[in-house]
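**Student:** give me the fold of what follows.
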Amino acid sequence: MKQAGSNDAGWVDLHIHSTASDGTLSPEQILKMAQDLNLRAISITDHDTIKGAVEAHRHLTPDVELLSGIEISTSLQGNTLHILGYLIDLKDPALSRTLSILQNARKERNPKIIQKLQQLGIELTYEEVVKVSGGGEVGRPHIAEVLLQKKVVRSINEAFQKYLGANGPAYVDKYRLQPAEAISLIADAGGVPVLAHPFTIKTDSERDLDKIVSELVSNGLKGIEVHYSEHTDIQTLLYEQIAQKHELLITGGTDFHGARKAGVYLGVGKGNLRIPYRLVEALKEYKQAHS
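**Tutor:** Now for the predicted structure:
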């Protein structure tokens, strides 16, 4: 799929989390920051919720273009795989119904995690976690933050490594969609489904990764997040080659979470990430061609 458009003027960030999920800035604050940084376009892609995207549209300004977005957690062979959705219809009823199911699964899991932590001798309550969330969808990052505040751990990463990660003693699994289901959900809502941060996919080789991408493409995947804060230059090149091989759109974003992800900044990631506006043009041209 050729990257259409030749206008590189301006920079974008298409992977941002707000207080609607596990970010620390509200959608309005994110839009203001994007404006101050002279970003041309952004997308708020909260986990399994469009509340941040909906709220952001209430605070639109002519200075920053806003692409509706979401990041859906799916299960692939027992591991988590994330699918981004761009230019979705935020009023799509099937999307709303499915997201409610995913959010309920998260709500059912959280008390179980807290109970396991309490059984390990750690004093914390669900109310403390809700307070930290600021009213957004509560998840493991908020539990990790409470553990950090209580000095049970020295960092968010340690909280996941020691307690909350898949191999941790307080881990509780939850219901997730299959990748094909998330791809169809996004496409049926008029959006463009994109594989998020492929470096997180646990594979033994580039060939295995290519096989996974090939299967996702057969299920309707249309893009891959090539430019990302954690991707090395070698990984970026590899994912670009995979995108070209499978004729996929290329996207990019920082995965900005505000203070909850230290060292990752809006628009520039760890300081050297620059994502050109032409990638937004390609997304919009694809949607227009297939509407």
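**Student:** check contacts around the nearest residue to residue 64 once chain neighbours are set aside.
**Tutor:** Closest residue to residue 64 in three dimensions, ignoring its sequence neighbours and counting by C-beta to C-beta, 6 or more residues apart in numbering: residue 34, at 4.8 Å. Yep, even glycine has a C-beta here, placed from its N, CA and C like the rest. Residues counted as contacts of residue 34 (C-beta atoms under 8 Å, 6 or more residues apart in numbering) are 13, 42, 64, 266, 267.
**Student:** filter those down to the ones in helices?
**Tutor:** Judged by DSSP state H, helices contain none of the contacts of residue 34.
**Student:** and those, which is closest to residue 124?
**Tutor:** residue 266 (30.3 Å; C-beta to C-beta).
**Student:** longest strand of the chain, counting residues only.
**Tutor:** strand 65-76 (DSSP state E).
**Student:** partners of the helix or strand following that strand in the sheet?
**Tutor:** Remark: after strand 65-76, the chain's next helix or strand is strand 79-86, criterion DSSP states H and E. Using DSSP bridges, strand 79-86 pairs in its sheet with strand 65-76 (antiparallel), strand 192-195 (antiparallel).
**Student:** once you drop chain neighbours, what's closest to the residue positioned nearest the centre of the chain?
**Tutor:** Closest residue to the average C-alpha location of the chain: residue 71 at 4.1 Å, with C-alpha atoms, centre = their mean. Closest residue to residue 71 apart from its sequence neighbours, by C-beta to C-beta, 6+ apart: residue 45 at 4.4 Å.
**Student:** isn't the one you found up against residue 70?
**Tutor:** Yes - using C-beta atoms under 8 Å, residue 45 makes contact with residue 70 at a distance of 5.7 Å.
**Student:** so what sits against both of these two?
**Tutor:** Joint contacts of residue 45 and residue 70 (C-beta under 8 Å, 6+ apart) are 53, 84, 85.
**Student:** let's have those residues in TSV, adding distance to residue 253.
**Tutor:** Formatted as TSV, the shared contacts of residue 45 and residue 70 follow (distance: C-beta to C-beta, whole Å):
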residue	distance to residue 253
53	14
84	8
85	13
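**Student:** quick one, helices of this protein?
**Tutor:** 27-36, 51-57, 93-119, 126-133, 140-149, 156-159, 179-188, 206-218, 233-245, 278-289.
**Student:** list the buried residues in the first one.
**Tutor:** The one in question is helix 27-36. Residues 27, 30, 31, 32, 33, 34 are the ones in helix 27-36 that count as buried (16 or more other C-beta atoms under 10 Å).
**Student:** likewise for the shortest one?
**Tutor:** Taking 16+ other C-beta under 10 Å as the neighbour-count basis, helix 156-159 is seen to contain the buried residues 156, 159.
**Student:** what's that helix packed up against?
**Tutor:** helix 140-149 (3 or more C-beta pairs under 8 Å, 6 or more residues apart in numbering; DSSP states H and E).
**Student:** quick one: mean pLDDT for the helix it packs on?
**Tutor:** Taken as a whole, helix 140-149 has an average pLDDT of 92.
**Student:** can I get it in CSV? Just the C-alpha atoms.
**Tutor:** The C-alpha trace of helix 140-149 is given here as CSV (Å, rounded to 0.1, in the frame of the first residue of the first chain):
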residue,chain,number,x,y,z
ARG,A,140,-2.9,-2.2,36.4
PRO,A,141,-0.9,1.0,35.9
HIS,A,142,-3.0,2.7,38.6
ILE,A,143,-2.4,-0.2,41.0
ALA,A,144,1.3,0.1,40.2
GLU,A,145,1.2,3.8,41.0
VAL,A,146,-0.4,3.1,44.4
LEU,A,147,2.4,0.5,45.1
LEU,A,148,4.9,3.2,44.2
GLN,A,149,3.3,5.8,46.4
